[in-house]
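> Provide a 3D model corresponding to the input given below.
(one chain, ligands or ions: 1)
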Amino acid sequence: MPYAITPPTLPSVAVLGQTNRFPVHRIYCVGRNYQDHAVEMGHSGREAPFFFMKPADAVVSAQAHEVVAMPYPTLTQSLHHEVELVVAIGTGGSNISVDAAEQHIFGYAVGLDMTRRDLQNELKKLGRPWCIAKGFDHSAPIGPITPAGQIDGIANASISLQVNGEERQTGSIAHMIWNVAETIAQISQAWALQPGDLIFTGTPAGVGAVVRGDLLCATVSGLQTLRVRLE
Ligand code: MN
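All right, here's what the predicted structure looks like:
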């Protein structure tokens with residue numbers, strides 16, 4: 001199809017064991033999906049989780065065993081890490097039932113929902129949207145996607161983040177308030193899920209600031225580790 005300008009490149013993520021890449025359509029994120037993180041952010045942990053989005057081209061895709069570079073963003077003095085299990089959608093749908101949700105999953109990856117926390121705190125006080133705090137360029141580093149058929153026991157996997165070798169976040173996927181199937185069902189009531197959608201499923205407690213030069217090592221047991229160097 002002829003375009004009036006050169007179309008932008010489709011954002012994509014590496015897939016473990018394949019040269020084929022996963023094309024990214026949208027990035028959905030779940031807010032406060034672990035009680036201990038909701039509490040550390042000053043909430044009761046008893047409210048329902050909620051959603052926000054990042055632009056598809058916020059992904060920074062790491063190959064297996066690669067240390068990927070992320071530029072330290074402008075406009076913040078407090079860039080926070082949030083390690084998250086990412087679900088990659090292979091088959092779309094609306095009003096997907098919890099029981100049918102698994103059939104829509106292509107695979108899983110480890111991601112970082114990088115956050116300009118100082119701006120987010122300001123925006124919360126003003127009642128303004130979070131876009132500039134959450135949806136900035138390079139705000140979604142992600143490791144290679146492991147196809148769902150190659151993983152067992154993701155529902156009980158451990159999740160953790162180390163900064164320069166020091167443990168900052170630890171938790172279990174089992175502690176999510178909305179599990180993966182419930183999250184897919186909820187999102188598909190609000191939007192039609194499409195092949196290529198990514199879902200960042202929320203972070204456990206222990207979020208904190210990182211600075212230029214830091215090495216972030218994000219893990220979910222059974223998935224490829226994501227390593228990010230802040231530049
Ligand atoms: Mn998050």
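
> closest residue of this protein to the ion?
Using Cβ to the ion, the single residue of the chain nearest to the ion is residue 113, 3.5 Å away. Placement of C-beta: from N, CA and C, glycine included.

> give me the phi and psi angles of that residue.
Reported as degrees, to the nearest 10, the phi and psi values for residue 113 are phi -90, psi 90.

> count of neighbours near the closest residue to it other than its chain neighbours?
Closest residue to residue 113 apart from its sequence neighbours, by Cβ to Cβ, 6 or more residues apart in numbering: residue 82 at 4.1 Å. For residue 82, the neighbour count with other Cβ atoms under 10 Å is 23.

> so does the strand or helix carrying residue 29 get close to the ion?
Taking DSSP states H and E as the criterion, residue 29 maps to strand 27-31. No. Figure legend: strand 27-31 not in contact with the ion (Cβ under 5 Å from the ion); closest approach 5.5 Å.

> contacts for that strand next, please.
Contact with strand 27-31 is made by 49-56, 58-59, 84, 113, 134, 140, 178, 183, 187, 191, 197-202, as judged by Cβ atoms under 8 Å, 6 or more residues apart in numbering.

> tell me the strands beside that strand, with direction?
strand 50-54 (antiparallel), strand 198-200 (parallel) (DSSP bridges).

> I'd like the mean pLDDT over the first one, please.
The one in question is strand 50-54. Strand 50-54 carries an average pLDDT of 97.

> check the offset of that strand from the chain's centre.
10 Å (Cα atoms, centre = their mean, to the nearest Å).

> for this protein, which residues are neighbours of the ion?
82, 113, 203.

> enumerate every residue touching the last one.
Spelled out, that is residue 203. 33-34, 37, 82-84, 113, 169.

> just the ones of those in helices?
Among the contacts of residue 203, the members falling in helices (DSSP state H) are residue 37.

> got a winner among the contacts of residue 203 for most neighbours?
residue 84 (29 neighbours).

> in contact with that residue, which residues?
29, 110-113, 159, 200-203.

> nearest spatial neighbour of residue 33, chain-adjacent residues omitted?
Counting by Cβ to Cβ, 6+ apart, residue 33 lies nearest to residue 202, which is 2.7 Å off, once chain neighbours are set aside.

> no, scratch that, I was asking about residue 167
residue 160 (6.5 Å).

> what's the helix or strand for that neighbour?
Counting by DSSP H and E, residue 160 is found in strand 158-163.

> just the buried positions in that strand, please.
Neighbour-count burial for strand 158-163, with 16 or more other Cβ atoms under 10 Å as criterion, is recorded at 159-163.

> same check on stretch 114-134?
Buried residues in stretch 114-134 (16+ other Cβ under 10 Å): 114-120, 123, 130, 132-134.

> ditto for stretch 168-179
Applying 16+ other Cβ under 10 Å to stretch 168-179 flags 168-169, 171-173, 175-179 as buried.

> ok, now stretch 52-62?
Going by neighbour count (16+ other Cβ under 10 Å), the buried part of stretch 52-62 is 52-56, 58-62.

> ok, back up a step: can you redo the residues of the chain next to the ion as JSON lines with pLDDT?
Formatted as JSON lines, those follow (pLDDT from 0 to 100):
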{"residue": "82", "pLDDT": "98"}
{"residue": "113", "pLDDT": "98"}
{"residue": "203", "pLDDT": "97"}
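
> now do the contacts for residue 158.
Residue 158 touches 170-173, 219-221, counting by Cβ under 8 Å, 6+ apart.

> same thing but 6 Å
Contacts for residue 158 were tallied using Cβ atoms under 6 Å, 6 or more residues apart in numbering; they are 172, 221.
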